[in-house]
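>>> Here is a sequence with its predicted model. Questions after.
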Amino acid sequence: MKKKNIHNKIIIIGSGPAGYTAAIYSARANLNPIIITGNIPGGQLTNTNSIENWPGDEKILTGFNFIKRLKKHALKFNTKIINDHIIDVNFNNTPFKLIGENFQYTSDSIIIATGSVPKYLGLKSESLFLGKGVSTCAVCDGFFYKDKIVAVIGGGNTALEEALYLSNISKKIHLIHRREFFRAEKILINKVLKKIKNKKIIFHSNSKIEKILGKDNKVNKLKIFSKKNKRSFYINVSGVFIAIGNIPNTKIFNKKIKMKNGYIVLVKNIQNYYSQTNIPGIFAAGDVIYNSYRQAITASAGGCIASLDSEKYLESL
Ligand code: FAD
Ligand code: NAP
């Protein structure tokens, strides 16, 4: 059956902080934006019970309430929210074409704000304790582990950065990596080695987590298997940070837009638009462009920039 076509001057793909901020700015510029929510309306933050680093909100804010407020704000200024998930795109001609599960869309300008998803180990116990001691973001949740013992899993830049960040907050950090040595940058490795030397970080190489254990709905122990000694052992921890990489939600843009390591590349200085992709008229913001920042505030800032850029672009047509 042929899908109904919806045309708009501007369409925003994704309903996380980047998408909603872009919608608020575009709506206030009288552009009547459409936002397509995707399969996770509200984005990654809907998975967290506490946001403590959104400036101006000193009280603990749940992800659900935060997104509810962004949505209400966007609706106040005439944003049309459509629950749909984009499965294919055609950026060869204008207007650009998006194929959704429910509708198809044409648009003169597009803001991609499809975010990313953290990689998980895939253990049953990991999903059981998600948000109850299992975290994927030290900057977001580290403060809850002040003076406590925590573990970080991974051996790349992110894992080492998380371990170093936590070493200034927590009592002790167990860094658990499946190989003999790290694959991170030398400078980070050197910093971690110093902390290993003074016993702030305990490094478990060639080790993998077998099970995350807990009591009263909170993590309290890890069962680890050492490949070197071929035996399992337990460590007491209050939290475990999984830092084994992120997957940007860009599969549908493969070979259709310029990307690097799966992230959308911004082509700076094209007509002075900061958020411009390699295709004029298509802008991107949030976790879909960042490998390192991955914060609500950086996503929102990107959404604002993309909206201002797209407004100028539409004016220039
Ligand atoms: P996302 O929030 O990832 O949203 C992406 C949106 O795109 C979703 O709505 C999704 O449905 C949509 N989408 C994806 N593919 C498609 C498609 N094909 N078609 C249509 N829509 C699509 N940051 C903080 O600053 N503070 C915190 O306390 C904090 N806590 C966190 C806790 C957890 C557990 C996690 C995982 C992350 C946390 N973060 C935190 C990071 C923060 O969530 C992200 O940086 C932020 O959500 C990125 O926003 P975004 O808008 O770029 O993308
Ligand atoms: P990454 O480089 O892909 O490293 C992921 C790490 O997790 C690797 O050590 C990997 O082990 C391990 N791992 C993957 N899957 C695992 C699993 N199922 N179980 C256990 N361990 C697993 O990811 P990243 O550290 O998030 O970095 C991603 C990109 O961002 C990189 O290009 C990085 O350079 C960049 N980045 C840069 C900075 C910076 O410049 N300061 C900061 C953060 C990230 P193996 O080593 O065995 O594969």
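Received, thanks. Ligands and ions are numbered 1, 2, ... in the order given.
>>> Okay, and the beta partners of the closest residue to Asn236 other than its chain neighbours?
Setting aside the residues directly before and after it, Asn236 is nearest to Lys221 in space (Cβ to Cβ, 6 or more residues apart in numbering), at 5.7 Å. Every C-beta, even on glycine, is put in place using the N, C-alpha and C of the backbone. Applying DSSP bridges to Lys221 gives these bridge partners: Leu213, Asn236.
>>> Could you do Ile51 as well?
Here Ile51 sits in beta bridges with Leu61, as judged by DSSP bridges.
>>> ok, it - contacts?
Contact analysis of Ile51 by Cβ atoms under 8 Å, 6 or more residues apart in numbering lists 45, 57, 60-63, 66, 140, 296.
>>> Checking Ala22 next. Helix, strand or coil?
Look at Ala22: counting by DSSP: H, G, I helix; E, B strand; the rest coil, its state is helix.
>>> Apart from its chain neighbours, what residue comes closest to it?
Leaving aside its chain neighbours, Ala22 sits nearest to Gly303 (3.8 Å; criterion: Cβ to Cβ, 6+ apart).
>>> Tell me, how many residues neighbour the one you found?
Neighbourhood size, Gly303 [other Cβ atoms under 10 Å]: 31.
>>> Confirm for me that it is in contact with Ile13.
No: Gly303 is not in contact with Ile13 according to Cβ atoms under 8 Å; the separation is 11.7 Å.
>>> any common contacting residues for these two?
In terms of Cβ under 8 Å, 6+ apart, Gly303 and Ile13 are both contacted by the residues 19, 111, 113.
>>> out of these, who's nearest ligand 2?
Nearest to ligand 2 out of those is Ala113 (Cβ to the nearest ligand atom; 19.6 Å).
>>> For that closest one, list the residues it contacts.
Neighbour list for Ala113: 12-16, 18-19, 22, 284-286, 288, 299, 302-303, 306 [criterion: Cβ under 8 Å, 6+ apart].
>>> Take the residues you listed and keep only those in helices.
18-19, 22, 299, 302-303, 306 (DSSP state H).
>>> my guess is Lys9 meets Asn30, correct?
No: using Cβ under 8 Å, Lys9 makes no contact with Asn30, being 9.9 Å away.
>>> Tell me how far the closest residue to ligand 2 within the chain lies from Leu188.
In the chain, the residue that lies nearest ligand 2 is Gly156 (2.4 Å; Cβ to the nearest ligand atom). Plainly put, Gly156 is 9 Å away from Leu188 if you go by Cβ to Cβ, to the nearest Å.
>>> For the ones in helices among the contacts of Ala113, please prepare JSON lines with the additional fields pLDDT and distance to Asn53.
Shown next, in JSON lines, are those (pLDDT from 0 to 100; distance: Cβ to Cβ, whole Å):
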{"residue": "Ala18", "pLDDT": "98", "distance to Asn53": "16"}
{"residue": "Gly19", "pLDDT": "98", "distance to Asn53": "20"}
{"residue": "Ala22", "pLDDT": "98", "distance to Asn53": "21"}
{"residue": "Ala299", "pLDDT": "97", "distance to Asn53": "13"}
{"residue": "Gly302", "pLDDT": "97", "distance to Asn53": "16"}
{"residue": "Gly303", "pLDDT": "98", "distance to Asn53": "17"}
{"residue": "Ala306", "pLDDT": "98", "distance to Asn53": "22"}
